[in-house]
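# Here you go, sequence then predicted model.
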Amino acid sequence: VALWGVVGTCLNWHQHLPKMQQQAKETPSYQTLKRIQKTFLVRCNVSLSKIIPGNGVRPASQIRRLEKDLKQKREELGKLAEQELLGQMAGAGRKKAAEAQEFVNKKTQMQEQIKEMERQLNELEVR
């Protein structure tokens, strides 16, 4: 039982201290709202990554995005090979040799990226 003084202050304020500290620790309601999907809102004080495992992207969506990126990389590789062949047909020289080496480096780098993306795609499809 708390004793209230004339001005409205609690005379036994030390009893209510833990309660006041607890209220100070509570986060505002606008910070506790989290969106799970387009139509679902959840109120929680903890990060959703601690509650729900995964990265929040549906596997089907991730596979589709990866396939789209893989298609773009393959098209870029085809254009790069086409430019390399056109460069070889144009003639040879010091400048052309340096460009040819640059094409080879870009081509190997792009092939490694494609292999990595294919590995990720296979990994996602297995799940």
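Structure received. Residues are numbered from 1 along each chain as shown.
# Every contact and neighbour count from this point should use C-alpha atoms.
Fine.
# After whichever strand or helix holds Lys68, heading C-terminal, what element do we hit next?
Under the criterion of DSSP states H and E, Lys68 resides in helix 59-90. Using DSSP H and E, the helix or strand that directly follows helix 59-90 along the chain is helix 94-126.
# thinking in terms of the whole chain, how far from its middle is that following helix?
A distance of 23 Å separates the centroid of the chain from that of helix 94-126, by C-alpha atoms, centre = their mean, to the nearest Å.
# Repeat that for stretch 80-91.
Worked out by C-alpha atoms, centre = their mean, stretch 80-91 lies 38 Å from the chain centre.
# got the buried residues for that stretch?
Residues of stretch 80-91 classed as buried: 80-81, 84, 87 (neighbour count, 16 or more other C-alpha atoms under 10 Å).
# nearest to Leu124, of those residues?
Nearest to Leu124 among those: Leu80, at 28.4 Å, using C-alpha to C-alpha.
# Wait, that closest one touches Glu102, no?
No. Using C-alpha atoms under 8 Å, Leu80 makes no contact with Glu102, being 10.6 Å away.
# what's the spacing between Gln120 and Val126?
As judged by C-alpha to C-alpha, to the nearest Å, Gln120 and Val126 stand 10 Å apart.
# Comparing those two, which residue is more hemmed in?
Gln120 (14 against 7; other C-alpha atoms under 10 Å).
# what sits against the more buried one?
By C-alpha atoms under 8 Å, 6 or more residues apart in numbering, Gln120 lies in contact with nothing.
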